[in-house]
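> Mind looking at a prediction? Sequence and model below.
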Amino acid sequence: MKEIKVGIVGLGSVGQGVLQILNENLNSIESKINKKIKITGITAKNKNKKRDIKIDNYPWFDNPIELSLNPEVDVLIELVGGEDGIALKVVETALKEKKHVITANKALIAKHGNHLINLAEKNNVKILFEAAVAGAIPIIKTLKESTASNSISAIYGILNGTCNYILTSMERDGVNFNTALKSAQDLGFAESDPTFDIEGYDTAHKLAILSSIAYSKEINFMDIDVQGITKIELDDILAAKDYGYKIKLLGVSKKQNNGEVIQVVRPTLLPMDSNLAMVDMEKNAIFIRGNFFSEIMLVGPGAGRLPTASSVMSDLFDLANETNYPALGITSNKLEENIKSESINSNRYYLRLFLPDVSGTMASITNTMASYNISIDDITQRISKKMKDNNLVPITIISSSTDVKSINKAVEEINKNNYSPLTPNIIIIED
């Protein structure tokens, strides 16, 4: 049988997962692809670091660039992470040396994907990144292959397991954000520095990749409107529950009638009985809306050693079988420019404001909202001892349908006229 020679850069959780899968399932894998797989080189920061997988049987390279240049490597698997630095260098080097590349690096693809894919095509090799989005969920393959005959109008969902775990923990256990985050870190669902996750950037990286494939556009991460979950408090979780909703961090992209694409990452109130709201803990879930199949929902583990390594292996299967789908579903010279678009849709909104406990406050709120043609479906004064000590009252509002500019202007005026030192919380409702 023909032999595929593989080099692996990065032996963290996912890198070790790839070796584990190959160790345990090699015979089955080779029989399915009718090819031999040989690891011809591995590299990481520290050769002597304690690992769960033995690496003594594999050729070690101190310099990852040398592994990228090694003629005994057909496929380079990059699992270092990071949008620049050594990850970018080894991938560029491998592609220029006419080697196929597999990566789980969503930040790298979101920032440099257009350049790297063009470089791969120029050198007649592949760069594949199924593992970069949603762990074990085959979302990229689904978009490139299974739904390719459809015109995709929207793709949206829960794309970050860390944030989903935190929000679920706050709701189920009645704990605050910091306690839920600490629990996620203790269980390995969150990094010691969770900024990329909780500020929404990880979701935005993944959304940029999915939008590109879905709409045949260039990858455009920089123009995504990003809002994370750091402002979500337990009071918001409880208020949403009272209204019949759950709060989830969603990545949402929608294609408008003019062909432009809206891309946003934002906390969202979803009806408790909706399919997406019921996806809890560290799981991911993605909806695809197409003109011939209406909607498809994919759910599964969105991160973790073996789920992500499984997606790395699926790309290796594609290379072994010489599957010829372009990296983004269409060759880079046919991709359209991805222009940032503003939402023209109307939605209802959840608001939480902290206002002085003085007479006339409620009247001031309703009058200001009315001046922007916004009706109020519900307004509730909530109890908060902490805020009472500061002579502030938490008030939650469910607005009627309106556009984002109007709701922002209304809230800005309410806050100005009824001064509060605390920033209002505005969360979109998707019914």
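Thanks, I have the structure now.
> Which pLDDT value belongs to the residue of the chain most remote from its centre?
No residue in the chain sits farther from the centre than S359, which is 44.5 Å out by Cα atoms, centre = their mean. Looking at S359, its pLDDT stands at 79.
> Torsion angles phi and psi at it?
Dihedral angles of S359 (phi, psi; degrees, to the nearest 10) stand at phi -70, psi 150.
> and E260, what does it touch?
With contact taken as Cβ atoms under 8 Å, 6 or more residues apart in numbering, E260 is in contact with I339, K340, S341. The way it works is simple: take the backbone N, C-alpha and C, and place the C-beta from them, glycine included.
> cutoff 7 Å now
E260 makes contact with I339, S341, according to Cβ atoms under 7 Å, 6 or more residues apart in numbering.
> what's the answer for the one 3 residues further on, then?
Applying Cβ under 7 Å, 6+ apart to Q263 gives the contacts L207, S211, D223, I224, S253.
> Just put these in JSON lines and tack on pLDDT, distance to N284 and neighbour count.
Listed next are those as JSON lines, based on pLDDT from 0 to 100; distance: Cβ to Cβ, whole Å; neighbours: other Cβ atoms under 10 Å:
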{"residue": "L207", "pLDDT": "98", "distance to N284": "12", "neighbour count": "28"}
{"residue": "S211", "pLDDT": "97", "distance to N284": "16", "neighbour count": "28"}
{"residue": "D223", "pLDDT": "93", "distance to N284": "23", "neighbour count": "12"}
{"residue": "I224", "pLDDT": "95", "distance to N284": "18", "neighbour count": "23"}
{"residue": "S253", "pLDDT": "95", "distance to N284": "16", "neighbour count": "25"}
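> can I get the CA coordinates of stretch 133-140 in CSV?
Provided in CSV are the C-alpha atoms of stretch 133-140 (Å, rounded to 0.1, in the frame of the first residue of the first chain):
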residue,chain,number,x,y,z
VAL,A,133,-14.5,24.8,14.3
ALA,A,134,-16.8,23.0,16.7
GLY,A,135,-14.6,20.1,17.7
ALA,A,136,-16.1,16.8,16.5
ILE,A,137,-19.0,18.3,14.7
PRO,A,138,-18.4,17.9,10.9
ILE,A,139,-19.7,21.4,10.1
ILE,A,140,-17.1,22.4,7.5
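> what comes up buried for that stretch?
Buried positions in stretch 133-140, judged by neighbour count with 16 or more other Cβ atoms under 10 Å: V133, A134, G135, A136, I137, P138, I139, I140.
> The last one contacts V133, correct?
The one in question is I140. Yes - at 6.1 Å, I140 counts as touching V133 under the criterion of Cβ atoms under 7 Å.
> residue ranges with poor pLDDT in the stretch 1-150 of the chain?
Along the stretch 1-150 of the chain, no part satisfies pLDDT under 70.
> how does it look with 80?
Scanning the stretch 1-150 of the chain for pLDDT under 80 picks out the ranges 1.
> helices or strands next to the helix or strand where G300 lies in the packing?
Using DSSP states H and E, G300 maps to strand 294-301. Counting by 3 or more Cβ pairs under 7 Å, 6 or more residues apart in numbering; DSSP states H and E, the packing neighbours recorded for strand 294-301 are strand 283-290.
> what are the phi and psi values for E30?
Dihedral angles for E30 - degrees, to the nearest 10 - are phi -70, psi -30.
> all helices for the stretch 251-400 of the chain, in order.
Here the stretch 251-400 of the chain has its helices, by DSSP state H, counting those that start in this stretch, at 305-320, 361-371, 385-389.
> tell me the average confidence for the longest one?
In other words, helix 305-320. 95.
> what's that helix packed up against?
Packed against helix 305-320 by the contact rule (3+ Cβ pairs under 7 Å, 6+ apart) you find helix 13-33, strand 75-78, strand 100-103.
> State the three-state secondary structure for the residue nearest to the spatial centre of the chain.
In the chain, the residue lying closest to the centroid (Cα atoms, centre = their mean) is T203, at 2.5 Å. Following DSSP: H, G, I helix; E, B strand; the rest coil, we place T203 in the helix state.
> pretty sure it is touching G251, no?
Yes - counting by Cβ under 7 Å, G251 is a contact partner of T203 at 4.5 Å.
> what bridges to I4?
For I4, the beta-bridge partners are I37 (DSSP bridges).
> how close does it get to P301?
Noted for I4: a distance of 27 Å to P301, by Cβ to Cβ, to the nearest Å.
> Same question for A132.
Taking Cβ to Cβ, one finds A132 at 15 Å from P301.
> Okay, buried residues for stretch 72-90 please.
Within stretch 72-90, the residues scored as buried using 16+ other Cβ under 10 Å are 73-81, 83, 86-88, 90.
> excluding its backbone neighbours, what's nearest V264?
The spatially closest residue to V264, leaving aside those adjacent along the chain, is D225, at 4.6 Å (Cβ to Cβ, 6 or more residues apart in numbering).
> what's the answer for A214, then?
Nearest in space to A214, with sequence neighbours left out and distances taken as Cβ to Cβ, 6+ apart, is I152 at 4.2 Å.
> if we can go back for a sec, out of the contacts of Q263, which is nearest to K246?
Nearest to K246 among the contacts of Q263, counting by Cβ to Cβ, is L207 at 20.2 Å.
> I'd say the closest one and K254 touch.
No - using Cβ under 7 Å, L207 makes no contact with K254, being 11.3 Å away.
> close enough to count as contact, S311 and E130?
Yes - between S311 and E130 a contact is recorded at 4.4 Å, counting by Cβ under 7 Å.
> Give me the more crowded residue out of those two.
The neighbour comparison of S311 against E130 (other Cβ atoms under 10 Å) goes to E130, with 28 against 25.
> picking that back up, now render the buried residues of stretch 72-90 as CSV, adding distance to I330.
CSV is the format used below for these (distance: Cβ to Cβ, whole Å):
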residue, distance to I330
V73, 28
D74, 25
V75, 23
L76, 24
I77, 25
E78, 23
L79, 27
V80, 28
G81, 27
E83, 24
I86, 30
A87, 25
L88, 24
V90, 26
